[in-house]
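Chemist: I would like to see how this sequence folds:
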Amino acid sequence: MFNELRHIMEAQLRAGNNFAIAQVIGRIAPSSSKVGDKAIILPSGKLIGWIGGGCVRGIVIKEALAVIANKKHCKLRIAPEGSSKENSDFKEYIMSCQSKGTVEVLIESVIAQPEIIIVGKSNIGRKLARIATEADFKVSVLSNDLDPEMFPSAHHLSEAVDFSPFNNIKNSYIVVTTQGEDDEASVLKALQTAAQFVGFVASRKKSVDIQSYLSEHGIEKERIAQLRCPIGFDINAKLASEVAISILAEIINHYRNGNFSETPEPKVISRHEEPSINASEFENEFYINPVCNVPVSKSNPKHIVDYKGEKVYFCCDGCKNSFEKNPAQYITKKA
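Modeler: Next up is the predicted model:
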């Protein structure tokens, strides 16, 4: 199993994909998992490996998606009612299922090496390539008449401004540093990709002027608003090296923080509370078990009950039995 997981991790990193690793770090019998059991969770919600079944599996997948998104780690404790730890740094799920065991799981994010795609061979672009490489970014440079000696640390060089070879363009950082050489066409091509971060080195006047060009060439208003122009934190930069530093600072800030806050304080979640869902894709793939509020994979549930035309998914026998005794109680709470 370890070799299989290792090959999967290597393949995901080569493709530029982020994922999470979950490992069982504590256990009180009865529990189907053992200390040391591991699993990989992909952004799709697919879990490969073993950390336990039923309730544990659903909770770990849900929390792993949040860990992937916010690049943090998470410690979970999944235990019966009445066994909560005081002053614990674990995020606790209190379960009411038949199993009376306890499982503690550490979930860590594995982040692929981020990539900066520099368009243009300006002095700012050269400075940015150098310091970005030193900051452990993978750097690619696209520009016509490109001299490889100008970018000795770059991972990839191309004389065509073509983003199609990049497998993980959505999570790449595109910075247009053309500075008067095919500015408009380069920014247009960058915004036509799925990249979430596109920046343009320009004056404030140029920033205003290029918006009209982009609009005339079919770029929607919402997408134009996503263009970071002028890119770089305002540090009163004058030299090319200073501008490059301000750009890299903005990229690092986005990479490390994005729109996510710090990891919240540990919280006890009972069956009477609705846990938050951190990814829209998760809602399509998983169903919140109305008895214990645990996410259940719709493609691999323990049980499915048809109640008044609605499919209700369960993680274990105990939840199914509790529901069938008084379904209205749980459907009302779910609603």
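Chemist: quick one: contacts for residue 224?
Modeler: 191, 211, 214-215 (CB atoms under 8 Å, 6 or more residues apart in numbering). C-beta: built from backbone N, CA, C; applies to glycine.
Chemist: how about 10 Å then?
Modeler: 187, 191, 210-215 (CB atoms under 10 Å, 6 or more residues apart in numbering).
Chemist: narrow those residues to those in helices?
Modeler: With DSSP state H as the criterion, helices contain 187, 191, 210-215 from among the contacts of residue 224.
Chemist: by neighbours, which of those wins?
Modeler: residue 187 (27 neighbours; other CB atoms under 10 Å).
Chemist: how near is it to residue 119?
Modeler: Distance of residue 187 to residue 119, given as CB to CB, to the nearest Å: 8 Å.
Chemist: shared neighbours, those two?
Modeler: 174, 176, 178, 198, 200.
Chemist: taking those together, which two end up most distant?
Modeler: 178 and 198 (13.0 Å; CB to CB).
Chemist: so what sits against both of these two?
Modeler: Contacts common to residue 178 and residue 198, judged by CB under 10 Å, 6+ apart, are 119, 187.
Chemist: just to revisit the earlier point, out of the ones in helices among the contacts of residue 224, which is nearest to residue 63?
Modeler: Looking across these and measuring by CB to CB, the closest to residue 63 is residue 191, at 34.2 Å.
Chemist: correct me if wrong: the closest one contacts residue 215.
Modeler: No. Contact criterion CB atoms under 10 Å: residue 191 and residue 215 do not qualify, at 11.0 Å.
Chemist: overlap in contacts of the two?
Modeler: By CB under 10 Å, 6+ apart, residue 191 and residue 215 have these common neighbours: 223-224.
Chemist: and the furthest pair within the contacts of residue 224?
Modeler: 191 and 212 (13.9 Å).
Chemist: quick one: the residue nearest to the spatial centre of the chain and residue 133, what's the gap?
Modeler: In the chain, the residue lying closest to the centroid (CA atoms, centre = their mean) is residue 69, at 2.9 Å. According to CB to CB, residue 69 stands 26 Å off from residue 133.
Chemist: one more: residue 210?
Modeler: Distance from residue 210 to residue 133, by CB to CB: 28 Å.
Chemist: and for residue 257?
Modeler: Residue 257 is 22 Å from residue 133, where distance means CB to CB.
Chemist: one more: residue 203?
Modeler: For residue 203, the distance to residue 133 equals 27 Å [CB to CB].
Chemist: if we can go back for a sec, of the shared contacts of residue 187 and residue 119, which belong to strands?
Modeler: The members of the shared contacts of residue 187 and residue 119 that map onto strands under DSSP state E are 174, 176, 198, 200.
Chemist: quick one: low-confidence parts of this protein?
Modeler: Along the chain, segments meeting pLDDT under 70 span 1, 81-87, 96-99, 258-283, 332-335.
Chemist: contacts only, for residue 313.
Modeler: 58, 286-290, 295-305, 319-320.
Chemist: on that earlier part again, so which of the contacts of residue 224 comes closest to residue 2?
Modeler: The closest of the contacts of residue 224, once distances to residue 2 are taken by CB to CB, is residue 191, at 43.1 Å.
Chemist: domains of this structure?
Modeler: Here the domain parsing of the chain from automatic domain parsing is 2-112+271-323, 115-257.
Chemist: relative to residue 329, which of the ones you listed is closest?
Modeler: That would be domain 2-112+271-323 among the domains of the chain, by CB to CB, at 8.5 Å.
Chemist: the closest one: end-to-end distance?
Modeler: 38 Å (CA to CA, to the nearest Å).
Chemist: again, but for stretch 171-188
Modeler: Span of stretch 171-188 from end to end, CA to CA: 18 Å.
Chemist: quick one: distance of it to the chain centre.
Modeler: Centroid separation between stretch 171-188 and its chain, computed with CA atoms, centre = their mean, to the nearest Å, is 26 Å.
Chemist: again with stretch 100-118
Modeler: 9 Å.
Chemist: give the buried residues for that stretch.
Modeler: Judged by neighbour count (16 or more other CB atoms under 10 Å), stretch 100-118 contains these buried residues: 101-107, 109-110, 112, 114-118.
Chemist: same question for stretch 297-309.
Modeler: Under the neighbour-count criterion of 16+ other CB under 10 Å, stretch 297-309 has 297, 301-303 buried.
Chemist: in strands, which of those fall?
Modeler: Short answer: those in strands (DSSP E) are 297, 303.
Chemist: ok, so of the buried residues of stretch 297-309, who is nearest residue 53?
Modeler: residue 302 (8.0 Å).
Chemist: give the contact list for the closest one.
Modeler: Contacts of residue 302 (CB under 10 Å, 6+ apart): 53-55, 289, 296, 313-320.
Chemist: show me which of the residues you listed are buried.
Modeler: Judged by 16+ other CB under 10 Å, buried ones among the contacts of residue 302: 53-55, 289, 296, 313-316, 318-320.
Chemist: can I get these in TSV including secondary structure?
Modeler: Converted to TSV, these look like this (DSSP: H, G, I helix; E, B strand; the rest coil):
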residue	secondary structure
53	coil
54	helix
55	helix
289	coil
296	strand
313	strand
314	strand
315	coil
316	coil
318	helix
319	helix
320	helix
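Chemist: closest to residue 142 among the residues you listed?
Modeler: Distances from residue 142 to the buried ones among the contacts of residue 302, taken by CB to CB, are shortest for residue 296, at 45.6 Å.
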